[in-house]
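J.: build the 3D model from these lines:
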Amino acid sequence: MPPTSDKITLRQLQIFLVAIETRSFVRAAERLSLTPPAVSMQMSRLSEEFGAPLFEKSGRSVIPTEVATALVPYAERMTETLAEAVDVVQIMQGKLDHRVRVAMVTTARNFGPHLLAQFQQEHPECDLQFKIANRRSVIEMLDTDQIDLALMGRPPRRLETTAHQFAKHPYVLIGHPDHPLVRSSRIRRSDLPAHQFLVRERGSGTRMVHEFFFSDSGLPQPKAQEMDSNANIKQAVMANMGLAFISAHTIALEAMAGKLKILNVEGMPEFRDWFVLHMRYKPLRPAARAFRDFVDQKGPAFMADFFKDAGITT
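T.: Below you'll find the predicted structure:
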C-alpha cells in the first residue's frame with residue numbers, strides 16, 4: 001500500500017527524529033515526556049503509513065532501516081519549517097524581540113561571561129542565552145541558526161558573515177618558570193623547533209597560530225602533544241611538559257601567580273583580532289542587535305580594563 005501523506009502528522013515526525021537520535025524508544029519517551037508504549041505505537045502507525053518498517057529491534061535499542069535513514073532529511077525539513085513558522089508568529093507577538101543567543105569559542109571563556117554580564121546589567125529586559133564551545137562547534141551553531149551572534153577570532157571562510165572587530169587578540173609563547181628558555185632575554189624563532197610543544201586540536205584558532213608561526217618562518221613543525229582544551233594545556237605547561245602558544249587572554253591569573261612565564265620570542269606576541277559576528281543575510285532581532293552594538297561600542301574599553309592588572313594589552 002503506497003504512503004498516504006494526509007494521515008502522517010508532524011508530531012509523528014518529531015517523535016521519529018528523536019527515536020533516530022537516541023536509538024531507543026525508552027530514551028525518546030523520556031525526552032518527549034511520553035510513555036515508551038506511546039512512542040512505539042506512533043512509530044508503528046508511521047511505518048504503516050509509509051508501508052515499510054522504519055526500525056528494527058536490537059536488544060533494548062532500535063536500529064533505523066534504510067527507509068528510515070532516507071526519510072530523515074525530509075522529516076528534519078518539515079519540523080524546521082514548523083519551528084520557523086512558530087518563530088514568525090512569536091516575533092509578531094514580540095516574544096522573541098528580547099532574546100539573544102550568543103556562543104563564544106573556548107579561548108574567550110575567561111572574559112566572555114564577564115562581558116555578557118555587563119551587557120545584562122545594562123539591558124535587564126533581554127533574555128540572554130550563551131554557550132561556550134570549540135571553534136568548529138560555534139561555526140556549526142551559527143550556520144544552523146542555533147545562535148544569533150558569535151564571539152571568536154578569524155571569521156569562518158565558508159560562511160557569509162558580518163564581522164565587527166572589537167579588540168586585539170595577543171598570542172604568546174608560555175613555559176614553566178624552570179624551562180631553560182625562560183632565562184633567555186631574547187629567543188630566536190630557530191631556537192624553538194628543538195623543544196617539545198603542547199597544541200590544541202586541528203581546526204582551532206590556537207592550533208592555526210602554532211602552525212603558521214613555524215611555516216611562515218620556514219621552520220619544521222616541532223614535536224607536539226595534542227590536547228583538547230586550553231585549560232589542559234596550561235596545566236601541562238605548569239607541569240613543565242612543554243611549551244605552548246596560547247591566547248594571552250587565557251593566562252591572566254596564572255601569569256600573575258607566577259605559575260607560568262611568557263617567553264620573550266622574536267616576533268611575539270602575535271596579534272590577531274576578536275570579532276562579534278552574525279550571518280550576513282539573517283536580520284537581527286532587537287536584543288541581538290543591541291548586544292552587537294554593545295560589544296562594538298564598549299568592547300574595546302572593557303577588554304583593556306579587564307586585562308590591565310595582568311599586564312596584558314589588547
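
J.: CA atoms for contacts and neighbours, from now on please.
T.: Will do.

J.: which SSE is K259 in?
T.: Using DSSP states H and E, K259 maps to neither a helix nor a strand.

J.: please look at L277 and L151 and confirm they touch.
T.: Yes: contact between L277 and L151 holds when scored by CA atoms under 8 Å: they sit 6.7 Å apart.

J.: who has more neighbours, these two?
T.: Set side by side, L277 and L151 show unequal neighbour counts under other CA atoms under 10 Å, the larger going to L151 at 28 against 22.

J.: contacting residues around the nearest residue to E254 once chain neighbours are set aside?
T.: What sits nearest to E254 in space, not counting adjacent residues and going by CA to CA, 6 or more residues apart in numbering, is L260, at 6.2 Å. The contact partners of L260, taken as CA atoms under 8 Å, 6 or more residues apart in numbering, are I174, G175, H176, P177, V237, M238, E254.

J.: do the same with H169
T.: The neighbours of H169, taking CA under 8 Å, 6+ apart as the test, are G153, S247, A248, H249, F271, R272, D273, W274, T314.

J.: could you pull up phi and psi at L82?
T.: phi -60, psi -40 (degrees, to the nearest 10).

J.: measure it to P283 for me?
T.: Distance of L82 to P283, computed by CA to CA, to the nearest Å: 19 Å.

J.: gap between the longest strand along the chain and the chain center?
T.: Secondary structure assigned by DSSP state E gives strand 161-175 as the longest strand of the chain. Offset of strand 161-175 from its chain centre (CA atoms, centre = their mean, to the nearest Å): 16 Å.

J.: F291 against Q120, yeah?
T.: No: here F291 does not reach Q120: they are 9.2 Å apart, not a contact under CA under 8 Å.

J.: just the CA trace of the helix or strand bottoming out on mean pLDDT in the chain, in CSV.
T.: Lowest by mean pLDDT, DSSP states H and E among the helices and strands of the chain is helix 252-256, with a mean of 81. Only the C-alpha atoms of helix 252-256 are listed here, as CSV (Å, rounded to 0.1, in the frame of the first residue of the first chain):
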residue,chain,number,x,y,z
ALA,A,252,46.0,36.2,33.2
LEU,A,253,45.6,34.5,36.6
GLU,A,254,48.4,32.0,36.1
ALA,A,255,50.8,34.7,34.9
MET,A,256,50.0,36.9,37.9
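
J.: buried stuff in it?
T.: For helix 252-256, the buried set under the neighbour-count rule, 16 or more other CA atoms under 10 Å, comprises A252, A255.

J.: name the helices or strands packed onto the following helix or strand past it?
T.: Proceeding C-terminally, helix 252-256 gives way to strand 261-262 as the next helix or strand, assigned by DSSP H and E. In terms of contacts (3 or more CA pairs under 8 Å, 6 or more residues apart in numbering; DSSP states H and E), strand 261-262 is packed against strand 161-175.

J.: right, and the helix or strand after the strand it packs on?
T.: Note on strand 161-175: by DSSP H and E, the next helix or strand toward the C-terminus is strand 197-199.

J.: next one: P222 from E270, what distance?
T.: Here the distance between P222 and E270 works out to 18 Å (CA to CA).

J.: same check on L142?
T.: Distance from L142 to E270, by CA to CA: 27 Å.

J.: just Q225 next, same as before
T.: In this structure, Q225 lies at 22 Å from E270, with CA to CA as the measure.

J.: P36 now?
T.: When P36 is compared with E270 (using CA to CA), they lie 56 Å apart.

J.: let me know how buried the nearest residue to N110 once chain neighbours are set aside is, in neighbour terms.
T.: Nearest non-adjacent residue to N110, counting by CA to CA, 6+ apart: T250, 5.9 Å away. Using other CA under 10 Å as the criterion, T250 is surrounded by 19 other residues.
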